[in-house]
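Participant: Just the structure for this:
(one chain, ligands or ions: 1)
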Amino acid sequence: MKTIFSGIQPSGDLNIGNYLGAIINWNKLQEEFNCIYCVVDMHAITVKQVPMDLRNRTYKTLATYIACGLDPDKNVLFVQSHVPAHAELAWILGCSTMFGELSRMTQFKDKSAKNEQNINAGLFTYPVLMAADILLYQADLVPVGQDQKQHIELTRDVAERFNAVYGETFIVPEGYIPKIGTKIMSLVEPEKKMSKSDENPNSYIALLDSRDVIIKRFKRAVTDSDTSVRFADGKDGINNLMTIYSCFTGKSFDDIEKGFDGRGYGDFKSAVGEVVADGLAPVQKKIGELMGDKAYLEGIMKKGAESASRIASKTLAKIQKRVGFVV
Ligand code: TRP
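Facilitator: Take a look at the predicted model:
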């Protein structure tokens, strides 16, 4: 059975982009693959976090994984900082990663432009920690969005370089970027991906937003000056709303166009708000229940960390031996 590894940073409240673009798809993989999903809190502190919020969102991210259907008995669900091997392998891999390579990472360039007063070393070596996450579990496939492709490429390069110097050690992983990539865009700048760390809350729908907020945000969503609901080049805003509507209802773009023929954007935006609010209601209820039972979540974290550690410590020991550490 092939191994899948992926992770989400608890750096903001998960939104419908994370839900439709990642977690929902992970559900389909749990029967077919050996799946490991991590809450990457160590990555999250590369940008400033309020400690109490980070802790709370770590629980919430795990609760969301479960509420969206990831079965903790079929998948390894764990928190990155609970498995010290991630940091240990990251150090070793850092010594096989070049300054020049890291300097070329577009996410580093973007994030440093945005956080000029906090261009810390962790932000720079972020992709090395990500490589450690993946390589520790000898993952074959890594489901990620388009924006993480460059980090996967780097992971492959580092794995190959290490294998060439120290002998075959790592499985060289592949990105698993869904073909019909459900990429959900910002509601205010529809040419940009919806992001949980966007400073404008009108740009996203968080999974736990209330019905009123959801409906209001869709009403305000930026669209174009055309009036007919149809999917077309240059209509990023409407295309995004149609994608969201289609994901929540299962309707094709054709059906949507027919259903809203002769009706304006206003009607359509209200309809999108309604189906999203309805669709999220059961997930919200489940997250609420899980968040009310911290002991249960801590049990899952503990079990997940144990399973992850078992695999990780085996890989780490092998690598430590390869590089010449006395083990
Ligand atoms: N960098 C990823 C993101 O921001 C999160 C991540 C960290 C990750 N480690 C990973 C994704 C390992 C896949 C595999 O989206």
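Participant: In three-state terms, label the residue of the stretch 201-327 of the chain found nearest the ligand for me.
Facilitator: Per Cβ to the nearest ligand atom, A308 is where the stretch 201-327 of the chain lies closest to the ligand, at 12.5 Å. The C-beta positions use only the backbone N, C-alpha and C, and glycine is treated the same way. Secondary structure for A308, judged by DSSP: H, G, I helix; E, B strand; the rest coil, is helix.
Participant: can you check A277 too?
Facilitator: Relying on three-state DSSP, one would call A277 helix.
Participant: any idea how far it lies from G21?
Facilitator: From A277 across to G21, the span is 19 Å (Cβ to Cβ, to the nearest Å).
Participant: same thing with L290?
Facilitator: From L290 to G21 the distance is 22 Å (Cβ to Cβ).
Participant: Show the contacting residues for the residue of the stretch 201-327 of the chain closest to the ligand.
Facilitator: I36, C38, V76, F78, H82, V83, Y137 (Cβ atoms under 8 Å, 6 or more residues apart in numbering).
Participant: Count the residues that sit near I36.
Facilitator: 24 (other Cβ atoms under 10 Å).
Participant: so who does it touch?
Facilitator: T3, I4, F5, S6, N75, V76, F78, Y137, A139, A308, I311.
Participant: Show me which of these is closest to S203.
Facilitator: Nearest to S203, judged by Cβ to Cβ, of the contacts of I36 is S6 at 23.5 Å.
Participant: For N75, grab phi and psi.
Facilitator: phi -130, psi 150 (degrees, to the nearest 10).
Participant: Likewise for the one 10 residues further on?
Facilitator: A85 adopts backbone torsions of phi -60, psi -30, taken as degrees, to the nearest 10.
Participant: got the contact list for it?
Facilitator: A85 neighbours (Cβ under 8 Å, 6+ apart): L136, S309, A312, S313, T315, L316.
Participant: Break down the stretch 151-300 of the chain into its helices, ranges please.
Facilitator: Assigned by DSSP state H, counting those that start in this stretch, the helices in the stretch 151-300 of the chain fall at 211-220, 236-249, 253-259, 265-291, 294-323.
Participant: Hmm, N15 is touching M194, no?
Facilitator: Yes. Contact criterion Cβ atoms under 8 Å: N15 and M194 qualify, at 5.8 Å.
Participant: okay, and the common contacts of these two?
Facilitator: By Cβ under 8 Å, 6+ apart, the residues touching both N15 and M194 are I184, Y204, I205.
Participant: Low-confidence regions, the protein specifically.
Facilitator: 178-181 (pLDDT under 70).
Participant: What residues does it have near the ligand?
Facilitator: F5, S6, G7, Q9, V40, H43, M130, D133, I134, V142, V144, Q148 (Cβ under 6 Å from any ligand atom).
Participant: Bridge partners for the third one, pull those for me.
Facilitator: To tie it back to what came earlier, the one meant is G7. C38 (DSSP bridges).
Participant: what separates it from K193, distance-wise?
Facilitator: From G7 to K193 the distance is 17 Å (Cβ to Cβ).
Participant: More neighbours: the two, which one.
Facilitator: Between G7 and K193, G7 has the larger neighbour count (other Cβ under 10 Å), namely 24 against 18.
Participant: pretty sure that one is touching D133, no?
Facilitator: Yes. With contact defined as Cβ under 8 Å, G7 counts as touching D133 (6.1 Å).
Participant: Which residues are in contact with each of these two?
Facilitator: Listed as contacting both G7 and D133 by Cβ under 8 Å, 6+ apart are C38, V40, Q80.
Participant: now for the helix or strand where K111 lies, which elements pack on it?
Facilitator: Per DSSP states H and E, K111 falls inside helix 106-114. Using 3 or more Cβ pairs under 8 Å, 6 or more residues apart in numbering; DSSP states H and E, the elements in contact with helix 106-114 are helix 121-136, helix 149-166.
Participant: Would you mind getting the angle between that helix and helix 149-166?
Facilitator: Interaxial angle of helix 106-114 relative to helix 149-166 (axes from the mean of the first three to the mean of the last three Cα atoms, to 10 degrees): 120 degrees.
Participant: now the helices and strands packed on helix 106-114 in TSV, with distance to E101?
Facilitator: Shown next, in TSV, are these (distance: least, Cβ to Cβ, whole Å):
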stretch	distance to E101
helix 121-136	8
helix 149-166	6
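Participant: Looking at those helices, which is nearest to D233?
Facilitator: helix 149-166 (23.1 Å).
Participant: what residues does that closest one touch?
Facilitator: Residues contacting helix 149-166 (Cβ under 8 Å, 6+ apart): 93, 96-97, 101-102, 105-107, 127-128, 130-131, 134-135, 142, 144, 169-175, 177, 319, 322-323.
Participant: Buried ones from the residues you listed, can you make that a PyMOL selection?
Facilitator: In PyMOL, this line selects whichever of the contacts of helix 149-166 come out buried by 16 or more other Cβ atoms under 10 Å:
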select buried, resi 93+96+97+102+105+127+128+130+131+134+135+142+144+169+170+171+172+173+175+319
